[in-house]
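3D, please:
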Amino acid sequence: MSDETPQNAAEGVLLSGEANVAARLRIEREARGWSTNILSDRMNEAGFEMNPSAVWRIENGKRRINLDEAIGFAEVFGISLLNFAGPPRLAAKSRALELIDDVVRAFRETQRANIAFTEARDAFDAYLTEHPDIREEAEVMVTSSIAEVTMEINHPAAEALASDARAAAQPPDA
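Modelled structure (predicted):
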């Protein structure tokens, strides 16, 4: 564990994971008005073996916490493991933690989408290499479709107007 004591850790923003957990453990326990006995009882009820002395030692940096125990504490407190191991100072700002989770989730989705796009584009290019006779038309279709999607995403009002204009230009069904 770092030289930073759990008492001082609550003041810091970015600490090591174990210092964060030690500080958060005390913060979460005290916020609920629980003694170390009550918390250890809750941990045991949830299937995570823990005694009051171990809780105290973890909170005070005298004992390391293992991953199973961290998962158990997060479960007992009803928070995510990422939240539990995060900076204690942010814990008081639950909206900040929610927004951080949203940003990380959106980033993860973006990265997955980028990988999927690259794989789809590679497969498309490989197909066009085998069928050069349709390359020009296929490239125009992809470029037009991507431009349309970009317009929908970046300018929803403009896309709605364009859609209305296209609908108005269509002859009525007889």
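
which residues of the chain score low on pLDDT?
1-15, 91-95, 97, 156-174 (pLDDT under 70).

can you tell me which helix in it is longest?
Secondary structure of the chain per DSSP state H: the longest helix is helix 94-130.

Check which helices and strands it sits against.
Under the contact criterion of 3 or more C-beta pairs under 8 Å, 6 or more residues apart in numbering; DSSP states H and E, helix 94-130 touches helix 81-85, helix 88-91, helix 135-154. Placement of C-beta: from N, CA and C, glycine included.

ok, and which of those helices has the densest surroundings?
Mean neighbour count, computed with mean count of other C-beta atoms under 10 Å, is highest for helix 88-91 among the helices and strands packed on helix 94-130, reaching a mean of 20.

which strands and helices sit next to that helix?
If you count contacts as 3+ C-beta pairs under 8 Å, 6+ apart, helix 88-91 packs onto helix 17-31, helix 94-130.

and those helices as CSV, adding mean neighbour count and distance to residue 137?
Compiled in CSV, the helices and strands packed on helix 88-91 are given as follows (neighbours: other C-beta atoms under 10 Å; distance: least, C-beta to C-beta, whole Å):
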stretch, mean neighbour count, distance to residue 137
helix 17-31, 21, 54
helix 94-130, 11, 10
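
so which of those helices comes closest to residue 66?
helix 17-31 (10.3 Å; C-beta to C-beta).

now that closest one, how far from the chain's geometric center?
Centroid displacement of helix 17-31 relative to its chain, using C-alpha atoms, centre = their mean, to the nearest Å, is 21 Å.

Following the chain onward from that helix, which element is next?
Downstream of helix 17-31, the next assigned helix or strand under DSSP states H and E is helix 36-45.

Which positions within that next one qualify as buried?
36, 39, 40, 41, 42, 43 (16 or more other C-beta atoms under 10 Å).

In contact with the last one, which residues?
Read it as residue 43. 49, 50, 55, 69, 72, 73, 76 (C-beta atoms under 8 Å, 6 or more residues apart in numbering).

now with 7 Å?
50, 72, 76 (C-beta atoms under 7 Å, 6 or more residues apart in numbering).

Let me know the distance separating the closest residue to the last one other than its chain neighbours from residue 27.
Spelled out, it's residue 76. In space, and not counting its chain neighbours, residue 76 is closest to residue 42: 4.8 Å by C-beta to C-beta, 6 or more residues apart in numbering. Using C-beta to C-beta, to the nearest Å, residue 42 is found at 16 Å from residue 27.
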